[in-house]
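J.: generate coordinates for the sequence data below:
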Amino acid sequence: MKTVVIGSGSWGTALAQVLADNGHEVIEYGINLEEVNDINENHENSKYFGNTKLNPELKATTDISVVKDADVVLLAVPTFAIESICEEIDPLLTKKVIIVNVAKGFNPKTNERLSDVIRRCISRDHLSSVVSLIGPSHAEEVVVRQLTSIDAISLDDEDAKTIQKLFSNSYLRIYTGNDEVGSELGAAIKNVMAIASGILGGLGYGDNTRAALITRGLQEMIRYGTFFGGKEETFIGLTGIGDLIVTCTSPHSRNFQAGYQIGKENTVENFFKNNKKTVEGIRTAQIVHDVAKEKGIDMPICEEVFEILYSGKEPKDCAKDLMIRKLKAEF
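T.: Residues are numbered from 1 along each chain as shown. Okay, the predicted model is just below:
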């Protein structure tokens, strides 16, 4: 099978290398010529991974037409680019392909889940199914072949198994699942919780506080996800608690890093003024806040993150307000 990875960033490069390690035909597409040349000539993607050497069999290109004879197309681009890249590649496809998405979040214009965006933008003649390859993972660890487990989630069980076999090896273990709603909502909302975790770290709070945040944050993910039809057990799996733990505790996480800066300065002002990175949890916080308000879903942590990001509330006040809410039983 031929796989084209769209996106020459960190996650796209790490997953393309997995396929190269597995002996599959893979080519990585990117719009940044320097990154593409770095991969082809130096076997590095130094912008993201420093001097880490990549599999020399991994090749990259700036020619988007390479998708025309692909069997699998993996989208490793930010959420805001999913719609436009699907519209760009659809007329280039010559047969039905499996579209694998690794982004976590929502369409910024329509608030759709990303699998729904892909199904809307790729014609039926060109789409076998959508598979979400998500779970607790950082590209910085996968690229140096640290042991990692994630999920291939799809409404098509056979295509999920195909992707499972394609990517699995001695350092990357893939499980399959079919709860698209629960998995995608969990993977998106955990980014909001990671911002909250970073904020608490920046404020100087320690392990007790983070453990409470992760545990109560999981309850909010379950509450929100099951409201829309997700299965409760999904949230105790890799795309739920697994993804939540790694993103709330790791300095690799952009969402955690963003929250840490905001918490340390006790204001969001400088972050928005200087940030140049894609931090998916920022937009997700607004979407989850708006939907939760409309549907009457209780999301106190997400609510406080929204207040910090969009209403200018001081992080230290949000932490206090969460602690002095009306007392109740845990379950």
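J.: the stretch 201-331 of the chain: helices as residue ranges?
T.: All helices of the stretch 201-331 of the chain, identified by DSSP state H, counting those that start in this stretch, fall at 207-227, 243-249, 254-265, 269-274, 280-295, 300-311, 315-323.
J.: buried residues, the third one. List them.
T.: Taking 16 or more other Cβ atoms under 10 Å as the neighbour-count basis, helix 254-265 is seen to contain the buried residues 254-264. From N, CA and C alone the C-beta is placed, and that goes for glycine too.
J.: so what touches that helix?
T.: Contact partners of helix 254-265, identified using Cβ atoms under 8 Å, 6 or more residues apart in numbering, comprise 191-192, 194-203, 247-251, 268, 270-271, 275, 277-282, 308, 315.
J.: again, only using 6 Å
T.: Residues from elsewhere that reach helix 254-265 (Cβ atoms under 6 Å, 6 or more residues apart in numbering): 191, 194-195, 197-199, 201-203, 268, 271, 277, 279, 281, 315.
J.: if we can go back for a sec, make a markdown table out of the helices of the stretch 201-331 of the chain and add mean pLDDT and distance to Gly105.
T.: Shown next, in a markdown table, are these (pLDDT from 0 to 100; distance: least, Cβ to Cβ, whole Å):
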| stretch | mean pLDDT | distance to Gly105 |
| --- | --- | --- |
| helix 207-227 | 97 | 14 |
| helix 243-249 | 96 | 13 |
| helix 254-265 | 95 | 11 |
| helix 269-274 | 91 | 18 |
| helix 280-295 | 95 | 4 |
| helix 300-311 | 97 | 14 |
| helix 315-323 | 94 | 22 |
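J.: out of those helices, nearest to Lys95?
T.: helix 280-295 (31.4 Å; Cβ to Cβ).
J.: centre of the chain to that closest one, how far?
T.: Relative to the centre of its chain, helix 280-295 is centred 16 Å away, using Cα atoms, centre = their mean, to the nearest Å.
J.: going forward, begin numbering at 39 instead of 1
T.: With 39 as the first residue, the last one maps to helix 318-333.
J.: flag every buried residue along it.
T.: So for helix 318-333, counting by 16+ other Cβ under 10 Å, buried means 318-327, 329-330.
J.: coming back round to it: got CSV for the helices of the stretch 239-369 of the chain, with distance to Ser208 too?
T.: Listed next are the helices of the stretch 239-369 of the chain as CSV, based on distance: least, Cβ to Cβ, whole Å:
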stretch, distance to Ser208
helix 245-265, 29
helix 281-287, 20
helix 292-303, 28
helix 307-312, 40
helix 318-333, 30
helix 338-349, 38
helix 353-361, 42
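J.: so which of these is nearest Ile201?
T.: helix 281-287 (17.7 Å).
J.: contacts for the closest one?
T.: So helix 281-287 is contacted by 173-174, 225, 228, 231-232, 235, 252, 256, 291 (Cβ under 6 Å, 6+ apart).
J.: as a markdown table, those residues with distance to Gln184 would be great.
T.: Formatted as a markdown table, the contacts of helix 281-287 follow (distance: Cβ to Cβ, whole Å):
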| residue | distance to Gln184 |
| --- | --- |
| Gly173 | 14 |
| Pro174 | 12 |
| Ala225 | 20 |
| Lys228 | 20 |
| Met231 | 23 |
| Ala232 | 20 |
| Ser235 | 21 |
| Ile252 | 22 |
| Leu256 | 24 |
| Ser291 | 16 |
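J.: of those, which belong to helices?
T.: 225, 228, 231-232, 235, 252, 256 (DSSP state H).
J.: can you lay out these as TSV showing distance to Val64 and neighbour count?
T.: What follows is these, written out as TSV (distance: Cβ to Cβ, whole Å; neighbours: other Cβ atoms under 10 Å):
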residue	distance to Val64	neighbour count
Ala225	24	30
Lys228	28	32
Met231	33	28
Ala232	30	32
Ser235	34	30
Ile252	35	20
Leu256	35	20
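J.: looking at the chain, which helix or strand does the model trust least?
T.: helix 307-312 (a mean of 91; mean pLDDT, DSSP states H and E).
J.: roughly how far is it from the heart of the chain?
T.: 23 Å.
J.: what's the closest of the buried residues of helix 292-303 to Tyr213?
T.: Of all these, Asn293 has the smallest distance to Tyr213: 23.6 Å, by Cβ to Cβ.
J.: excluding chain neighbours, what is closest to the closest one?
T.: Once flanking residues are discounted, Asn293 sits nearest to Ala232: 3.7 Å by Cβ to Cβ, 6 or more residues apart in numbering.
J.: need the contact list for the one you found.
T.: 285-286, 291, 293-294.
J.: just flag the most distant two among the residues you listed.
T.: Distance extremes for the contacts of Ala232: the farthest pair is Cys286 and Asn293 at 8.7 Å, using Cβ to Cβ.
J.: pick the one among the buried residues of helix 292-303 closest to Leu210.
T.: Leu210 has its nearest neighbour among the buried residues of helix 292-303 in Arg292, at 21.4 Å by Cβ to Cβ.
J.: pick out the residue nearest the middle of this structure.
T.: Taking Cα atoms, centre = their mean, the centroid of the chain lies closest to Lys142, which sits 3.2 Å from it.
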